[in-house]
Every structure is written in C-alpha cells, then in structure tokens.
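Asks: with the sequence up front, the predicted model follows.
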Amino acid sequence: MFQKRLCKQILVISILACLTGGETLATDVHRERQIAEEIRIRTNPDEVIWLEASGLKFQGLYREAVSKDIRGGVILLHGRHSNQDAADVVRPLRQSLPEHGWNSLSLAMPVSEPDDLQGHAALLSEAIARLQSGVAFLKQKNIGNIALLAHDTGAWAALSYFAQPPDQAVKSVVLIDPASTRDLDPPPVSPGSLNTIRLPILEILSNRITAPIGEEASRKRAAMKGNSSYRQLVLNEPDNGWQDVGGFLVNHIHGWLTRPPMSAGSEAETPSQIEKQGGANQK
C-alpha cells in the first residue's frame with residue numbers, strides 16, 4: 001500500500017517536472033490546472049488560449065474588440081481570491097472593454113494560498129514572466145498600444161514590470177485596489193522602484209483594501225511624486241462586490257485610457273478632488 005502511494009507521488013512529481021521543463025516553480029501547478037479546466041468548461045472555446053512562461057504553460061482568455069475602431073489591447077492581471085475569469089472585477093472588464101474597441105487578454109497568475117501575502121510575493125518573478133508572455137502575444141497580433149489592468153496582488157507584477165522599464169508597446173497601467181505591502185519584508189515593490197516610473201498610472205482605491213485608504217494613498221503619492229501622469233481615484237461604494245459599479249469602472253477606465261496623455265508640466269489632481277469625482281460618478 002505504501003509503495004503504491006509512493007509510486008503515485010513520484011508519478012505526480014514527474015508529470016509536473018515535464019510541465020515545467022524541470023524548473024522549480026513556486027506556483028501551485030495542480031490548483032492552476034483545476035482552475036483552468038473549470039474555466040475551460042464554461043467559457044467560449046474560441047477565447048481560451050495557452051501561453052508559456054518559466055517553462056510552464058498557463059491559460060489566458062483572449063477576446064477581440066467588436067468595434068471596427070481598435071484602440072489597442074488590455075492585459076488583465078488578477079489577484080488573490082480571484083482568477084482569470086472571476087465574476088468580481090475580472091470578467092466584467094475582460095468582456096466589456098472589447099465593446100469599447102479594446103482587445104482583452106486575461107492571464108492566469110501564479111497560485112498560492114489566498115491569505116499568504118508572503119507566498120504571493122515569492123511568485124512575483126513568475127508573474128512578471130507571464131506578463132511578458134502576454135505582451136509578446138498581443139504584439140504578435142500587431143497591437144502596439146497595450147495597457148495593463150491589475151487587481152490586488154496583480155498590481156505588484158504590473159508595477160515591477162513598469163519599473164524595468166517595460167516594452168515600448170506598453171503605454172499605461174490601471175491599478176485596482178493593490179494589495180498592501182506594509183507587512184512584507186522585503187516589499188515586493190519598493191519605493192525606490194516606484195520613483196523610476198514615468199508612464200501614466202491610474203490607481204483606483206475602494207473601501208475593500210485591507211490598510212486604511214489614507215495610509216496607502218499617501219505612501220504611494222509620495223513615491224510617485226516625480227510622475228506627473230500618476231492619478232488616484234477613491235471610490236466610496238458599498239462593500240458588496242465590484243459588480244454594483246461594474247459599468248462605472250469600465251467606462252472610467254476606457255475614458256482614462258483614451259484621453260490625451262498628460263504633459264510633463266500638467267498639474268496633478270488632489271486626492272480630495274478625485275474622491276469627490278468618484279462619489280459623483282456613482283450617483
């Protein structure tokens with residue numbers, strides 16, 4: 001009996017080694033495959049694609065713009081408690097933005113225990129590799145205007161990628177409730193790396209983030225003070241899921257992505273102005 005169990009364990013390890021090309025990965029490959037299969041069953045098969053990064057194949061969901069006027073492509077990076085087709089945040093964006101002229105690509109991010117922030121921080125290099133693979137995929141589609149939409153821990157990958165600097169086709173990023181880094185040592189995204197970013201960033205914050213909005217917003221504004229194209233939008237919506245403001249979120253993101261780029265001398269909006277704007281748009 002023991003020998004049978006041992007053989008099964010060896011078989012599983014061998015299969016995973018083949019899937020990853022022998023490379024040691026921090027992601028939970030078995031759980032990833034389960035999520036991908038669940039999504040494949042319920043999703044339009046024409047939207048399911050497979051990409052490769054760090055020697056591992058991973059799932060993406062690609063939807064082309066229905067508008068004749070294609071504005072570019074958006075890459076969605078989900079966070080904890082989420083996946084590449086989660087009903088909260090990810091699915092409304094990936095399905096609705098193509099109606100506004102954006103090809104959408106939602107990527108499966110590496111998997112760890114949802115509440116283990118340190119574990120997710122250890123996945124950062126794998127997440128960045130997947131993002132790079134997604135950028136290469138859109139460029140193969142002749143898309144030269146790419147935006148990143150990153151939620152929760154997905155924001156860590158987007159900001160780290162932006163600090164490298166990114167591929168020239170990647171023009172901007174929208175951060176939605178980035179996961180807090182205050183209890184992590186070292187932090188996955190350092191203030192020093194944030195200081196180097198000059199591309200347009202919209203950060204959307206709600207009452208769902210674990211740290212107080214004021215504390216998170218102040219730290220980020222201080223680190224981004226050299227970036228005149230950095231904006232914060234604070235929403236005061238009810239804490240019952242992003243679906244209640246899905247339309248507002250899609251419209252605001254689309255509007256921000258399509259507006260003329262900020263000039264270097266443009267004056268940034270103050271947090272109080274942004275907060276009032278967010279409340280007014282929800283009424």
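Replies: Right, received. Where do you want to start? Numbers count the residues shown, from 1 in each chain.
Asks: now the strands for the stretch 1-150 of the chain?
Replies: Here the stretch 1-150 of the chain has its strands, by DSSP state E, counting those that start in this stretch, at 48-53, 56-63, 72-77, 102-107, 146-151.
Asks: any idea how far the third one is from the middle of the chain?
Replies: The offset between the C-alpha centroid of strand 72-77 and the centroid of the whole chain comes to 9 Å, using CA atoms, centre = their mean, to the nearest Å.
Asks: ok, it: who's next to it in the sheet?
Replies: Using DSSP bridges, the strands paired with strand 72-77 in its sheet are strand 102-107 (parallel), strand 146-151 (parallel).
Asks: could you check the angle the first one makes with strand 56-63?
Replies: Relative orientation of strand 102-107 with respect to strand 56-63: 150 degrees, computed using axes from the mean of the first three to the mean of the last three CA atoms, to 10 degrees.
Asks: wouldn't residue 62 be in contact with residue 47 here?
Replies: Yes - counting by CB atoms under 8 Å, residue 62 sits close enough to residue 47 to count as a contact (5.8 Å). Bear in mind the C-beta positions are built from the backbone N, C-alpha and C, glycine included.
Asks: so who does residue 161 touch?
Replies: 128, 131, 132, 148, 170 (CB atoms under 8 Å, 6 or more residues apart in numbering).
Asks: ok, back up a step: mind putting the strands paired with strand 72-77 into JSON lines with mean neighbour count, distance to residue 54 and mean pLDDT?
Replies: Formatted as JSON lines, the strands paired with strand 72-77 follow (neighbours: other CB atoms under 10 Å; distance: least, CB to CB, whole Å; pLDDT from 0 to 100):
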{"stretch": "strand 102-107", "mean neighbour count": "25", "distance to residue 54": "13", "mean pLDDT": "98"}
{"stretch": "strand 146-151", "mean neighbour count": "26", "distance to residue 54": "19", "mean pLDDT": "97"}
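Asks: thinking residue 128 is in contact with residue 157, fair?
Replies: Yes - between residue 128 and residue 157 there is a contact at 5.3 Å, judged by CB under 8 Å.
Asks: ok, these two, which is more surrounded?
Replies: Remark: of residue 128 and residue 157, residue 157 carries more neighbours, 29 against 19, as counted by other CB atoms under 10 Å.
Asks: what angle sits between the host helix or strand of the more buried one and strand 102-107?
Replies: Take DSSP states H and E as the rule and residue 157 turns out to sit in helix 154-162. Relative orientation of helix 154-162 and strand 102-107, computed by the same axes, to 10 degrees: 110 degrees.
Asks: helix 154-162: how far from the chain's middle?
Replies: Remark: helix 154-162 is offset 8 Å from the chain centroid, using CA atoms, centre = their mean.
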